[in-house]
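> what's the 3D shape of this:
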Amino acid sequence: MFILKVVTYSATIAAAIFFAFWELRLKRQLTDGEARPVERVSDPGVINDLSERMRREQALRYLPKQALFKLRMIVVLKFLLVAILIAEVIILQR
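Modelled structure (predicted):
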């Protein structure tokens, strides 16, 4: 029974991580042209990375509806898998 739990949890977590990385890759692909980096000498690495991510998130607003629909579906699948994992933990703990 323990092995079944481990395999079930691992498969669900792996699928959720897969969709999370797919979401990040899709965001990067969709916003490559819109999020142009602003080069400042005074920006340290962490702040520069955060500002780039913020520019990418702002650029998502101006994307076509089809691209946003695909991105939203991936996000919904990711959260659905997290909800399934929570349900698995509750059910399989008995």
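> So what's the residue count around Ala16?
By the criterion of other Cβ atoms under 10 Å, Ala16 has 19 neighbours. For the C-beta atoms, the positions are set from N, CA and C on the backbone; glycine is no exception.
> Next: Arg61.
With other Cβ under 10 Å as criterion, Arg61 counts 8.
> ok, now Ala87?
11.
> now do Arg56
The burial count for Arg56: 17, using other Cβ under 10 Å.
> Can you spell out which helices and strands pack onto the helix or strand hosting it?
Following DSSP states H and E, one finds Arg56 within helix 45-59. In terms of contacts (3 or more Cβ pairs under 8 Å, 6 or more residues apart in numbering; DSSP states H and E), helix 45-59 is packed against helix 2-30.
> how distant is the helix it packs on from the center of its chain?
10 Å (Cα atoms, centre = their mean, to the nearest Å).
> Could you list the buried residues of it?
8, 12, 15-16, 19, 23, 27, 30 (16 or more other Cβ atoms under 10 Å).
> Tell me, how many residues neighbour Val76?
11.
> State the distance from it to Val7.
Val76 is 25 Å from Val7, where distance means Cβ to Cβ, to the nearest Å.
> With Lys27 instead?
31 Å.
> Pull the number of nearby residues for Glu88.
Neighbours of Glu88 (other Cβ under 10 Å): 15.
> check contacts around it.
8-9, 12 (Cβ atoms under 8 Å, 6 or more residues apart in numbering).
> one step back: what angle separates the helix holding Arg56 from helix 2-30?
80 degrees (axes from the mean of the first three to the mean of the last three Cα atoms, to 10 degrees).
> Please point out which parts of helix 45-59 sit buried.
52, 56, 59.
> Check stretch 76-84 too.
Applying 16+ other Cβ under 10 Å to stretch 76-84 flags 77-78, 81-82 as buried.
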